[in-house]
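Chemist: predicted coordinates and the sequence they were generated for:
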Amino acid sequence: MEQLRQRILADGRALSDRVLLVDSFLNHQVDPQLMRAVGEEFARRFAGDGVTRVVTIESSGIAPAVMTALQMGVPMVILKKSVSSILQDGILQTEVFSFTKNAPYQLTLKRQFVHPGDRVLLVDDFLANGEAAFGAIRLIEQAGAEVIGVGAVIAKMFQPGARRLREAGYRVEPLAPIRRMAEGVIEFE
Ligand code: 5GP
């Protein structure tokens, strides 16, 4: 997606060979027009796949996911990172190792919001090692739904997430696939 690539080159900052800062348009300040274009592109790529729900992970996935859901005319569901303080019926939880915090957290889904038979498009801001995506997939599948694909706004293809997901049989659609990064350098596939 050319518009997104140009924005990453203009306003993104490669802090190292592993971490890209995009907080001026994607995950701190958000550019709604760019997010609308991202939503339109995911909706175009997954048109005809019978998607019934878009699922994302709080908080940085919400902006692209809600725009995708709006465009597809389906609900959007946010997987929560907080731990439920009381035991509640119908809660699914799984442990995920956080790329940015370097620590595990609990990902939570209320069964009420993803149903058996749902066809789910998972959307997130970044795909790195795939831990967040695999955690989300565990919850979606435990809820009895099918994961139709994974839409990553940015995928660092030199990290193993995209390959692991594809090897496990999931369709991965990165809008901005990065081949290589170094401090101050960003190269797309
Ligand atoms: P993974 O679980 O695939 O290793 O990492 C994905 C999650 O980590 C994303 O939800 C995203 O929030 C965060 N993340 C991974 N790499 C980066 C990065 O380079 N920059 C930022 N800002 N977040 C990242």
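Modeler: Sure thing, it's come through.

Chemist: and the most centrally placed residue in the chain, what are its bridge partners?
Modeler: The chain has D124 as the residue nearest its centroid, 1.3 Å off, counting by Cα atoms, centre = their mean. D124 forms beta bridges with A152, as assigned by DSSP bridges.

Chemist: tell me the pLDDT of it.
Modeler: For D124, the pLDDT comes out at 98.

Chemist: what residues does it make contact with?
Modeler: 56-57, 60-61, 64-65, 132-133, 136, 150-153 (Cβ atoms under 8 Å, 6 or more residues apart in numbering). Yep, even glycine has a C-beta here, placed from its N, CA and C like the rest.

Chemist: now neighbour count and secondary structure too, for the residues you listed, in TSV please.
Modeler: Formatted as TSV, the contacts of D124 follow (neighbours: other Cβ atoms under 10 Å; DSSP: H, G, I helix; E, B strand; the rest coil):
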residue	neighbour count	secondary structure
T56	26	strand
I57	23	strand
S60	20	coil
G61	28	coil
P64	30	helix
A65	29	helix
A132	27	helix
A133	26	helix
A136	25	helix
V150	26	strand
G151	29	strand
A152	28	strand
V153	29	strand
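
Chemist: which of those residues lies closest to the ligand?
Modeler: Using Cβ to the nearest ligand atom, A132 comes nearest to the ligand of the contacts of D124, at 3.5 Å.

Chemist: ok, that closest one touching T100?
Modeler: No. The criterion here is Cβ atoms under 8 Å, and A132 misses it with T100 at 9.8 Å.

Chemist: G90 and the ligand, how far apart?
Modeler: 25 Å (Cβ to the nearest ligand atom, to the nearest Å).
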